[in-house]
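Coordinates only, no sequence provided:
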């Protein structure tokens, strides 16, 4: 017990460990992120890391939650800024789509998704919470655009579900470096989908049906 107490007092803050893990993914790739390697970077043994995180699966999920927390704060700032709903929807899409091949955040997401096949209920619920935050913000943004007359009248929740499915599929292509698929092409496809789905009806006419 005394040794464990000393380890806890001497260990770096948990957030620092997660930040270092994310840096290692960005610089060396996920395959190089091991408990032993991370321990060397932060001055802890792999045993101490396991004391904190229980397993590599938990470490990866905690790192994803930490990264998503930062993205969520940035998303909140983007969606709260002045401007049209259409402009803020474009900013949302820009934030969602990976920067390119081996984008560290998306590399981590893909690994967590892959491991979720055998995850327990708690881990699945935590992943769903991350997904839910993105979805709620998108639904609110689409609904705002409809209320302002910028977008035509659609079922905001249904449209958001379809748009996020499109974003996820294209984002995977970008993150894995699928030949012929780059970020600029993806953004063009997504913006075309948004324009087709949300273009406001001509003034004086009833908006189209639900997509």
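In hand now; what should we look at? All values reported here derive from a predicted model rather than from experimental measurement. Numbering: from 1, shown residues only.

For residue 16, the count of nearby residues, please.
A count of nearby residues for residue 16, using other Cβ atoms under 10 Å, gives 11. Placement of C-beta: from N, CA and C, glycine included.

contacting residues around it?
By Cβ atoms under 8 Å, 6 or more residues apart in numbering, residue 16 lies in contact with residue 42.

same deal with residue 98?
Residues counted as contacts of residue 98 (Cβ under 8 Å, 6+ apart) are 105-106, 171, 174-175, 183.

After the helix or strand hosting residue 129, which helix or strand is next? Please name it.
Using DSSP states H and E, residue 129 maps to helix 121-147. Beyond helix 121-147 on the C-terminal side, the first helix or strand identified by DSSP H and E is helix 156-176.

how about the helices in this protein?
Along the chain, the segments classed as helices by DSSP state H run 2-10, 14-28, 35-42, 46-53, 56-80, 85-96, 104-115, 121-147, 156-176, 183-198.

And the contacts of the third one?
Meaning helix 35-42. So helix 35-42 is contacted by 11-12, 16-17, 20-21, 24, 44-46, 48-50, 56, 59 (Cβ under 8 Å, 6+ apart).

rerun that using 10 Å as the cut-off
With Cβ atoms under 10 Å, 6 or more residues apart in numbering as the test, helix 35-42 has contacts from 11-13, 16-21, 23-24, 28, 32-34, 44-50, 53, 55-56, 59, 63.

okay, which residue is most central for the chain?
Centroid-nearest residue in the chain: residue 68, 5.7 Å away (criterion: Cα atoms, centre = their mean).

Look up how far residue 43 lies from that residue.
26 Å (Cβ to Cβ, to the nearest Å).

what's the answer for residue 88, then?
The spacing between residue 88 and residue 43, counted by Cβ to Cβ, is 42 Å.
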